[in-house]
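Asks: only geometry, no sequence info:
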Ligand SMILES: O=P(O)(O)OP(=O)(O)OP(=O)(O)OC[C@H]1O[C@@H](n2cnc3c(O)ncnc32)[C@H](O)[C@@H]1O
Ligand SMILES: [Mg+2]
């Protein structure tokens, strides 16, 4: 088994780093790829899996450390799974607020019953840049897209994602609660099992 006291997280998203480090606890220290490079790799894959592997390999190459990547996004039923792997770029790189505004507009007048969506998270772990056997773990979180933003916690699309288990938006969940039930939490549970971490 690999020595995993230190991993580089192949992400420039501070929200992901915070959540993943909280889930891992003290056993594994996540170092941001931002310590090594500010250049973000182009996400050229057509699936979450491809993009997660691409980001993990890139970070391992740059840092010389084993690397964990998180490729995630929001798949909306009414939009045939969009924005999906393009979630971060949905409003052409103008950021979270613009992404949320565009999504609300795309679902204007769509009734609740047709506003189903899932958050998706794929975690990829490589021991080194050319690792032929990346560990892949996926987590899904089912919910619905609200008609207006609500809540201040989290990041990205959280203010628009209604969580049926709690009857609030995911931005209204405490960070600890989100980290128990989110797509990312589910993927991380699987990863911990694969690595025999507790
Ligand atoms: O690629 P890295 O550097 O990791 O950072 P990123 O923000 O570009 O990450 P992705 O390419 O995986 O795109 C993820 C998109 O999905 C959104 N997203 C992912 N997880 C989320 C969560 O838990 N809550 C809200 N939005 C989330 C996020 O805001 C982005 O728009
Ligand atoms: Mg990205």
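Replies: Here it is on my side, so go on. As the structure is a computational prediction, the values presented were derived from the model and not from experiment. Ligands and ions are numbered 1, 2, ... in the order given.
Asks: so the residue positioned nearest the centre of the chain, which of the three states?
Replies: Geometric centre of the chain, nearest residue: residue 72, 3.5 Å, by C-alpha atoms, centre = their mean. Classification of residue 72 using DSSP: H, G, I helix; E, B strand; the rest coil returns strand.
Asks: Would you confirm that residue 138 contacts residue 190?
Replies: Yes - contact between residue 138 and residue 190 holds when scored by C-beta atoms under 8 Å: they sit 7.5 Å apart. Bear in mind the C-beta positions are built from the backbone N, C-alpha and C, glycine included.
Asks: hmm, back to that, thought residue 137 was touching the residue nearest to the centre of the chain, still the case?
Replies: No - using C-beta under 8 Å, residue 72 makes no contact with residue 137, being 11.9 Å away.
Asks: mind checking the SS state of the residue nearest to the residue nearest to the centre of the chain when sequence neighbours are not counted?
Replies: Spatial nearest neighbour of residue 72, chain neighbours left out: residue 121 (4.2 Å); criterion: C-beta to C-beta, 6 or more residues apart in numbering. Secondary structure, three-state DSSP: residue 121 is strand.
Asks: Residue 187 belongs to a strand?
Replies: No - applying three-state DSSP, one finds residue 187 to be helix, outside a strand.
Asks: residues in contact with the longest helix along the chain?
Replies: The longest helix of the chain (DSSP state H) is helix 48-63. Residues from elsewhere that reach helix 48-63 (C-beta atoms under 8 Å, 6 or more residues apart in numbering): 8-11, 31, 33, 35-37, 41, 43-45, 65-73, 84-85, 120-131, 134, 136, 138.
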